[in-house]
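Asks: Got a sequence here, can you build the structure:
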Amino acid sequence: MKIRDCDATLRPKVRECPYCHEIISLKRCFKYIYRGTNYTTVCNHCNRSVKLAKEPIPFKYCVFAGFLSIYVPMNVFLYVYKMSFFDSLIYSLPFVVTCILVVLILTFSKIRFSGDM
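Replies: The predicted model follows:
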């Protein structure tokens, strides 16, 4: 039982500040969606600068998921169902939104911070 407790303390929690060990708010983590992973953010409890320990999801997977989420449904509606461009665009939007939400949920479930060096 003590081994599990020891292992749990070595790995930081999701979105945990490495200094004060409080959870960093989602608002602060959304900056990585807008600005990218090379920037630092500030903990909303201790106001110290923190950065990502590693990239939560590799960028190439996000681009690939985004490409497939619009390309495949768009072509299906264009060529299989013989819809117009505008109609196929409207019908493929739910697939895009679903893919974006899945990538966001996966990103925020894997985000871990380290101290700013």
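
Asks: so what pLDDT did the most far-flung residue of the chain relative to its centre get?
Replies: Distance from the centre of the chain peaks at Lys82, with 34.7 Å (Cα atoms, centre = their mean). pLDDT recorded at Lys82 is 93.

Asks: which stretches of the protein aren't confidently modelled?
Replies: Confidence mapping of the chain against pLDDT under 70 gives the ranges 1-12, 116-117.

Asks: the helices in the chain, which residues?
Replies: 2-10, 26-29, 31-35, 59-75, 85-110 (DSSP state H).

Asks: Would you reformat those helices as JSON lines and include distance to Ser49?
Replies: Glycine gets a C-beta too; all of them are placed from N, C-alpha and C. Shown next, in JSON lines, are these (distance: least, Cβ to Cβ, whole Å):
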{"stretch": "helix 2-10", "distance to Ser49": "23"}
{"stretch": "helix 26-29", "distance to Ser49": "11"}
{"stretch": "helix 31-35", "distance to Ser49": "12"}
{"stretch": "helix 59-75", "distance to Ser49": "23"}
{"stretch": "helix 85-110", "distance to Ser49": "20"}
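
Asks: Mind putting those helices into JSON lines with distance to Arg48 and mean neighbour count?
Replies: As requested, these are exported to JSON lines (distance: least, Cβ to Cβ, whole Å; neighbours: other Cβ atoms under 10 Å):
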{"stretch": "helix 2-10", "distance to Arg48": "20", "mean neighbour count": "8"}
{"stretch": "helix 26-29", "distance to Arg48": "12", "mean neighbour count": "14"}
{"stretch": "helix 31-35", "distance to Arg48": "15", "mean neighbour count": "13"}
{"stretch": "helix 59-75", "distance to Arg48": "27", "mean neighbour count": "13"}
{"stretch": "helix 85-110", "distance to Arg48": "21", "mean neighbour count": "14"}
